[in-house]
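**Q** Provided below for reference: sequence and predicted model.
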Amino acid sequence: MKKVFMTLAMVMAMTTVTLAQKVNVSSYMSKIEKSDATIADAKKAAKANTWMSRGALFTEIAGANSALIFGGMPEDMLLLNVGKPDNADAIEEVVLNGTKYKKFVYSGVDVYLTIPANEDETSTVACWLETKPVYEGAIDVAIEAYEKALSIDPSVASKVGEAFGDIVTMLATDGQFAYDAGEYKKAEELLAKAASVDEKNPVAPTTDPAQMYYYAAVAAVQADLYADAEKNLKIALDKGFEADGDTYYYLGYSQEKQEKKADAKETYIAGIEKYINNQNLLTSFISFCLLSGEDPSLVLSYISKAQAADPQNASNYLAEGVVYDQMKEYDKAIPAYEKALQIDPKMFPALFNLGFAYRAKAIAVNKEITQTDYTNTARIEELRTEFLKDMRSAIDPFEKAHELQPANKDVVEILKSLYFTLREEGPEMQANYEKYNTMFQSM
């Protein structure tokens, strides 16, 4: 599955740099002890300010390890604000989610910096991952404290709302970075929590909680946490966030992965009815129906709607061909692939499938030859002529597919097989067989 995610540009823009001292864990522990003692005092615990102060303390603690860092921060500024990393003498390069970074190790956080393509460019902070929280669960303590303050004195609502906004920013930023680093389970947890906190904001959400639940679900799908994905996606849908049909796509996919076939079918159809041109949705629905043994006519009816809605979309004709292919109705699959190629002559899947359909048709004819009474020479010759015609027809699309992807071993092997079958038709066929046979042996 393709790994596409959000850009939290607005949230990232809200991230500020606090020029404070380096993390002093012992100092924070002392402050926590003092705060614990304060809330243990019944008189002080009855005051909203006591809980507001506690919330502020634990919010600060939750973000302490990355308080001096921000996304896009130049390397020299990072060194100035945070100091030399613990691995300064042996900076390593690591790959996160397919991208190579320089890794700076600090006591409570690993910071990943870009590797510039040119020497005159500067490395910048791409993301970070907290490795040792100052206090485990600090953000939850902060949230509880603010909620307690609000329950004591509703007049602090605006202050709590502002504090919740800061917490959402922190959680969303860390969630985005966790996703970028390929830590999808952690990303799902952080983003879902950000959405939950934003929903509780007594003033107004600072982002779009529905959208945040959707992003959490995308992370959950990447982590194969399909039940969590389903839960978050249903919340997003209930709140009206449909992402042009992608919410239905991910929900159907998650339900399908949990073997909830009836639910998946219902979700896919509900999505397609509203977003017929969402290719992810349509493709997944087609695959689901074919694998589940659904009536192909159901799939074809939606493909026809998609073609009518967007007649210049080659993918819709490719999809039609795939369905007919699965039904072994090659005479209907072939014109569908040809229509796709009229729109996009360099569409590799259509070229490959067109050649494959001709080849499959030829193989079916050959099978009929073997089952025909050998005394019926006229019928055998008729079938043999049809067989050779289909084999020749398969060559052109496979040759074009080879031009597009010369390193594709499957295409080379099929061309070798086609030319081997036709090698007695002349020296050109024999030469092409030898060409592709040699090529295949070297791959």
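**A** Nice, I can see it. The structure presented is a predicted model; accordingly, all values stated were derived computationally and were not measured.
**Q** what number of residues lie near V203?
**A** Neighbour count of V203, defined by other CB atoms under 10 Å: 13. C-beta coordinates here come from the backbone N, C-alpha and C atoms, glycine included.
**Q** quick one: contacts for the nearest residue in space to it that is not next to it in sequence?
**A** Distance criterion CB to CB, 6 or more residues apart in numbering; nearest residue to V203, sequence neighbours excluded, is G161 at 3.2 Å. By CB atoms under 8 Å, 6 or more residues apart in numbering, G161 lies in contact with N201, P202, V203, A204.
**Q** tell me the secondary structure at D120.
**A** The three-state label given to D120 by DSSP: H, G, I helix; E, B strand; the rest coil is coil.
**Q** quick check: phi and psi on it?
**A** phi -80, psi 0 (degrees, to the nearest 10).
**Q** can you count the residues close to it?
**A** 5.
**Q** again with Y215
**A** Y215 has 27 nearby residues by other CB under 10 Å.
**Q** what's the separation between it and F177?
**A** 13 Å (CB to CB, to the nearest Å).
**Q** possible to save the contacts of G161 as CSV with distance to I272 and secondary structure?
**A** Shown next, in CSV, are the contacts of G161 (distance: CB to CB, whole Å; DSSP: H, G, I helix; E, B strand; the rest coil):
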residue, distance to I272, secondary structure
N201, 35, coil
P202, 39, coil
V203, 39, coil
A204, 34, coil
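**Q** and the residues you listed, which two are the farthest apart?
**A** For the contacts of G161, the farthest-apart pair by CB to CB is P202 and A204; their separation is 8.6 Å.
**Q** the two - which one has more neighbours?
**A** A count of neighbours by other CB under 10 Å puts P202 above the other of P202 and A204, at 15 against 8.
**Q** how is the closest residue to that one other than its chain neighbours assigned, secondary-structure-wise?
**A** The shortest distance from P202 to any non-neighbouring residue, by CB to CB, 6+ apart, is to A157 (4.1 Å). With three-state DSSP as the basis, A157 sits in helix.
**Q** wait, A157 touches K200, no?
**A** No. Judged on CB atoms under 8 Å, A157 makes no contact with K200 at a distance of 11.3 Å.
**Q** show me which of the two is the more surrounded one.
**A** K200 (17 against 14).
**Q** contacting residues for that one?
**A** Counted by CB under 8 Å, 6+ apart, K200 has contacts I143, E147, F164.
**Q** these into CSV, with extra columns for pLDDT?
**A** Below are those laid out as CSV (pLDDT from 0 to 100):
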residue, pLDDT
I143, 98
E147, 97
F164, 97
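**Q** of those residues - the most surrounded one?
**A** F164 (26 neighbours).
**Q** wait, that one touches A145, no?
**A** No. Look at F164 against A145 with CB under 8 Å: they stay out of range, at 11.6 Å.
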